[in-house]
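Enquirer: quick one, fold the following:
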Amino acid sequence: MRGADVWQPVAAIAALILAAILPLGQGEAAIQLFGLGGDVVLVVALLAAVAVAAIQPVAPRLVDVALLIVVHVGAYMTVATILPLVDGEAGLGFWALVVALWLLAWRLVAGLSALKPAYRVLSAGLKVLIPLIFGVWLLFLWEVVVRGAGVPPVLLPAPSAIGARISASTNILWADFNQTFLKAVLAGYVIGCSSGFVIAIITDRSPFLKRGLLPVGNLVSALPIIGMAPIMVMWFGFDWQSKAAVVVIMTFFPMLVNTVAGLANADRMQRDLMQTYAANYWQTLVKLRLPAALPFIFNALKINSTLALIGAIVAEFFGTPIVGMGFRISTEVGRLAIDMVWAEIAVAALAGSAFYGVMALLERVVTFWHPSFRS
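Expert: Next up, the predicted model:
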């Protein structure tokens, strides 16, 4: 192993020694690591053994597998067994154990990132596994820092509290998701993107519109959403239609600008070749210019997939029926029910990420010929 990669397991061993010497908690929670059950001691011993093996690994892949298992078992034992004993009163020994786990997880991700699998299935699996591990450890650090340091829930609730709120409020969350995403976001997204695409085709045919409409589009796209949302509510009412109108405004011009730029991306020599084949405008558009513009179009679709959700949620702050993600966030903040606010944020983040992922997957299927997707 390179010297630059050795410091993580070495530092983890030092942190494990401190965790064994120093008290895990303060005051009444001042317990020692070796005073806990044998299962905890066994896991810590395995962590130390894996850390020693990771310094100069004879079988690096075997060490990675051992790290994957032992580190996550150690994280589970820390949250399930040790954290409840030192909740709000964590001592230096507990934080040393957390640092050791984090360093070993860092070493695990670094080792997995260095792998170059020969098989495509394994490569695709790593692309999913590495971000998953990274996300799990972010949640782990969030949980132990909030609960171990005794952060008030009104400032930042723990992921476990947010998860409990999600499981206890599925009916409310589904109603809000249906109102905001399935109605306002999807309707506004489809209308805004499709109309922006059609107007881009028309603009490409008219130099007057290209010179006059695009500057206006840049101006409108710079308008603040908090200024447009109340106007849309006055025009279209308090239901989801006004939020869809805000989404249309936010998604129309990114699609228009990107499509016009993509249509101009076709090489001049390729256009001349189409003219030698006696191709008319529409044949050139369908067979050459639109395929060349697809990366730009999908770029707009991916950008709009996040803008649409943001626009709909913000628009709900200015008037909505008693349902919707934005309505729930604004009302629960006033009631200091911050766990419910974070539950709505989690649902919105998952929905936005899934929406973006669908667009990215569709882009990969449609533009498989593009150099960025060639293996």
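Enquirer: how close does Ala105 sit to Lys127?
Expert: 18 Å (CB to CB, to the nearest Å). Placement of C-beta: from N, CA and C, glycine included.
Enquirer: do the same with Asp64
Expert: Per CB to CB, Asp64 is found 16 Å from Lys127.
Enquirer: list of residues touching stretch 333-351?
Expert: Outside stretch 333-351, the residues within contact range by CB atoms under 8 Å, 6 or more residues apart in numbering are 153-157, 161-162, 164-166, 169, 173, 176-177, 180-181, 309, 313, 325, 328-329, 332.
Enquirer: in the protein, which helix or strand is least confident?
Expert: Every helix and strand of the chain was ranked by mean pLDDT, DSSP states H and E. The lowest is helix 268-276, at a mean of 68.
Enquirer: toward the C-terminus, what is the element adjacent to that helix?
Expert: Using DSSP states H and E, the helix or strand that follows helix 268-276 in sequence is helix 281-284.
Enquirer: mean confidence (pLDDT) on that following helix, please.
Expert: Taken as a whole, helix 281-284 has an average pLDDT of 74.
Enquirer: return the alpha-carbon coordinates of it using PDB.
Expert: Once non-C-alpha atoms are left out, helix 281-284 reads as follows in PDB (Å, rounded to 0.1, in the frame of the first residue of the first chain):
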ATOM      1  CA  TYR A 281     -35.000  21.800 -43.500                       C
ATOM      2  CA  TRP A 282     -37.200  19.200 -41.700                       C
ATOM      3  CA  GLN A 283     -35.100  16.300 -42.900                       C
ATOM      4  CA  THR A 284     -31.900  18.000 -41.700                       C
END
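Enquirer: in it, which residues are buried?
Expert: Thr284 (16 or more other CB atoms under 10 Å).
Enquirer: next SSE after that helix?
Expert: Per DSSP H and E, the helix or strand that comes after helix 281-284 is helix 290-315.
Enquirer: mean confidence score for that next one?
Expert: Mean pLDDT, helix 290-315: 89.
Enquirer: so which elements touch that helix?
Expert: Helix 290-315 sits against helix 186-205, helix 225-236, helix 240-263, helix 325-334, helix 338-366, with contacts defined as 3 or more CB pairs under 8 Å, 6 or more residues apart in numbering; DSSP states H and E.
Enquirer: deepest of those helices, which one?
Expert: For the helices and strands packed on helix 290-315, the largest average neighbour count (mean count of other CB atoms under 10 Å) is found in helix 240-263, namely a mean of 24.
Enquirer: show me what it is packed up against.
Expert: Using 3+ CB pairs under 8 Å, 6+ apart, the elements in contact with helix 240-263 are helix 186-205, helix 207-221, helix 225-236, helix 290-315.
Enquirer: can you redo these as CSV with distance to Ala337?
Expert: As requested, the helices and strands packed on helix 240-263 are arranged in CSV below (distance: least, CB to CB, whole Å):
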stretch, distance to Ala337
helix 186-205, 28
helix 207-221, 35
helix 225-236, 24
helix 290-315, 17
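Enquirer: nearest to Val50, out of those helices?
Expert: Among the helices and strands packed on helix 240-263, helix 290-315 comes nearest to Val50, with 39.3 Å by CB to CB.
Enquirer: mind listing what's buried along the closest one?
Expert: Buried, per 16+ other CB under 10 Å, within helix 290-315: 290-305, 307-315.
Enquirer: so, low pLDDT: which residues of the stretch 151-300 of the chain?
Expert: 221, 267, 269-275, 277-279 (pLDDT under 70).
Enquirer: out of the helices and strands packed on helix 290-315, nearest to Phe94?
Expert: Within the helices and strands packed on helix 290-315, the stretch nearest Phe94 is helix 338-366; the backing value is 23.9 Å (CB to CB).
Enquirer: re earlier: who has more neighbours out of Ala105 and Lys127?
Expert: Using other CB atoms under 10 Å, the more surrounded residue of Ala105 and Lys127 is Ala105, with 24 against 10.
Enquirer: the more buried one should be in a helix, yeah?
Expert: Yes: under DSSP: H, G, I helix; E, B strand; the rest coil, Ala105 sits within a helix.
Enquirer: break this structure into its domains for me.
Expert: What automatic domain parsing lists as the domains of the chain is 3-151, 166-373.
Enquirer: could you check how far the longest one is from the centre of its chain?
Expert: Taking CA atoms, centre = their mean, to the nearest Å, the mean C-alpha location of domain 166-373 is offset from the chain mean by 18 Å.
Enquirer: let's have the chain start at 359 instead
Expert: With the count now opening at 359, the last piece we talked about shows up as domain 524-731.
Enquirer: could you pull up phi and psi at Ala448?
Expert: Per-residue torsions, Ala448: phi -70, psi 140 (degrees, to the nearest 10).
Enquirer: and the spatially closest residue to it that is not a sequence neighbour, how far from Glu447?
Expert: Nearest residue to Ala448, sequence neighbours excluded (CB to CB, 6 or more residues apart in numbering): Gly506, at 3.5 Å. Distance of Gly506 to Glu447, computed by CB to CB: 8 Å.
Enquirer: neighbour count winner among the two?
Expert: Higher neighbour count among Gly506 and Glu447: Gly506, with 23 against 17, using other CB under 10 Å.
Enquirer: which ones are touching that one?
Expert: Gly506 is in contact with Leu441, Val444, Asp445, Gly446, Ala448, Phe452, Trp453, Val456, counting by CB under 8 Å, 6+ apart.
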